[in-house]
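K.L.:
how would this look folded up:
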Amino acid sequence: MQLEILTPEHKVYSGNVYGIQLPGVNGSFEVLENHAAMIAALGKGKMKVLVDKHNTEIYEISSGFVEVLRNKATVLIEDATALA
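P.N.:
Down below sits the predicted model:
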């Protein structure tokens with residue numbers, strides 16, 4: 001699945017991933033390859049980028065939105081901080 005994570009200032013991430021875990025306003029959820037089309041609001045919390053089945057990148061994010069369409073996820077957020 002293609003993933004792009006964007007803030008108003010810069011591109012946080014762009015590339016192919018196994019999946020992504022996101023902090024929705026009503027609870028966390030996960031998007032994997034071939035997910036149905038959707039748009040969802042995001043709340044403040046941890047976003048996990050599942051690069052592959054063994055590697056994960058974690059970001060602390062503020063509010064935003066995610067759009068999933070045709071095996072591409074676009075995450076639009078106010079800010080993101082990479083966590084170790």
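K.L.:
switch to C-alpha atoms for all contacts and neighbour counts from now on
P.N.:
Will do.
K.L.:
so where is this protein shaky, pLDDT-wise?
P.N.:
Within the chain, the stretches with pLDDT under 70 are 84.
K.L.:
all strands for it, in order.
P.N.:
Here the chain has its strands, by DSSP state E, at 2-6, 11-16, 19-24, 27-32, 38-42, 45-50, 56-61, 64-69, 72-77, 80-83.
K.L.:
okay, the ones you listed in CSV with mean neighbour count next?
P.N.:
Formatted as CSV, those follow (neighbours: other C-alpha atoms under 10 Å):
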stretch, mean neighbour count
strand 2-6, 18
strand 11-16, 14
strand 19-24, 21
strand 27-32, 14
strand 38-42, 16
strand 45-50, 20
strand 56-61, 16
strand 64-69, 18
strand 72-77, 21
strand 80-83, 14
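K.L.:
which residues touch the nearest residue to Lys11 once chain neighbours are set aside?
P.N.:
Excluding the flanking residues, the one nearest Lys11 by C-alpha to C-alpha, 6 or more residues apart in numbering is Ile5, at 6.1 Å. Taking C-alpha atoms under 8 Å, 6 or more residues apart in numbering, we find Ile5 in contact with 11-14, 74-77.
K.L.:
what two of the residues you listed are the furthest from one another?
P.N.:
Distances among the contacts of Ile5 were taken as C-alpha to C-alpha; the most separated pair is Ser14 and Ile77, at 14.0 Å.
K.L.:
beta-bridge partners for Ile5, please?
P.N.:
Tyr13, Val75 (DSSP bridges).
K.L.:
quick check: it vs Gly24, distance?
P.N.:
Using C-alpha to C-alpha, to the nearest Å, Ile5 is found at 15 Å from Gly24.
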